[in-house]
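A.B. asks: kindly return the folded structure for what I paste below:
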Amino acid sequence: MNLNSLFIVSSFLLISLNGDLLTADQKASCLSKYNKIRSDYAKKNNVANMNRLVLDNELESLADAELEKADCNAIVMKNPKFEAIRDVEHSGNVSSFMTDPGRTQFACINKQCATTNDPWILVTNVPSETAKSGKPGSGCGSGRIPFEDGLCYVPETTQKPNEPSVTAELEESVSSSISFLAVSVLVVLAI
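C.D. replies: Now for the predicted structure:
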């Protein structure tokens, strides 16, 4: 088997086995979009304590495993550790889902169901917080500071291990893909 054939087979294996995974760029784009929605909402409604969402790998893994067992007809899935919403672009539930200022953790998952064609699922942690009235970012608490978009966030130097930065997310995604590709090549060579 020549090197080109090996690369094609390895790439196909990588794509087919990780069909539900989003690229780091897709995750970052999804995160950016929904933080913009939260920022716009905070500005329009004078929410002083709206938190910025941060990608969370642990939340993504937990939700991904639970969604394997979920009813495809459910629009919103509630779990003690997270809430997930299907068909984000067309659901009327996204408004209340995205405007709770207490939410901080986020995952965007591409999960096809056999009965629907709505693969995008947003997942956030459950903490709820009452909105404080005031200029966006003026009511940040618990070690959080205002970001330029008016959302509150934990500075990277004080982020908890379960709140990776987008850079850490990108590095981990690339590293995982390279490791998987290397294993795929070894498997193909063994055949």
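
A.B. asks: and for Ser128, nearest residue in space, chain neighbours not counted?
C.D. replies: Nearest in space to Ser128, with sequence neighbours left out and distances taken as Cβ to Cβ, 6 or more residues apart in numbering, is Gly102 at 4.9 Å. C-beta coordinates here come from the backbone N, C-alpha and C atoms, glycine included.

A.B. asks: can you name the residues that contact that neighbour?
C.D. replies: Shown in contact with Gly102 (Cβ atoms under 8 Å, 6 or more residues apart in numbering): Asn51, Pro127, Ser128, Glu129.

A.B. asks: what is the nearest of those residues to Pro155?
C.D. replies: Pro155 lies nearest to Asn51 out of the contacts of Gly102, by Cβ to Cβ, at 13.3 Å.

A.B. asks: show me what the closest one is bridged to.
C.D. replies: In this entry, Asn51 is beta-bridged to Cys152, by DSSP bridges.

A.B. asks: now Phe106
C.D. replies: Leu55, Thr124.

A.B. asks: that one reaches Lys33, doesn't it?
C.D. replies: No: using Cβ atoms under 8 Å, Phe106 makes no contact with Lys33, being 10.9 Å away.

A.B. asks: correct me, but Gly141 touches Asn51?
C.D. replies: No: the criterion here is Cβ under 8 Å, and Gly141 misses it with Asn51 at 10.1 Å.

A.B. asks: what's near enough to touch the residue lying closest to Thr104 once chain neighbours are set aside?
C.D. replies: In space, and not counting its chain neighbours, Thr104 is closest to Asn51: 4.8 Å by Cβ to Cβ, 6+ apart. Listed by Cβ under 8 Å, 6+ apart, the contact partners of Asn51 are Arg38, Pro101, Gly102, Arg103, Thr104, Glu129, Arg144, Leu151, Cys152, Tyr153.
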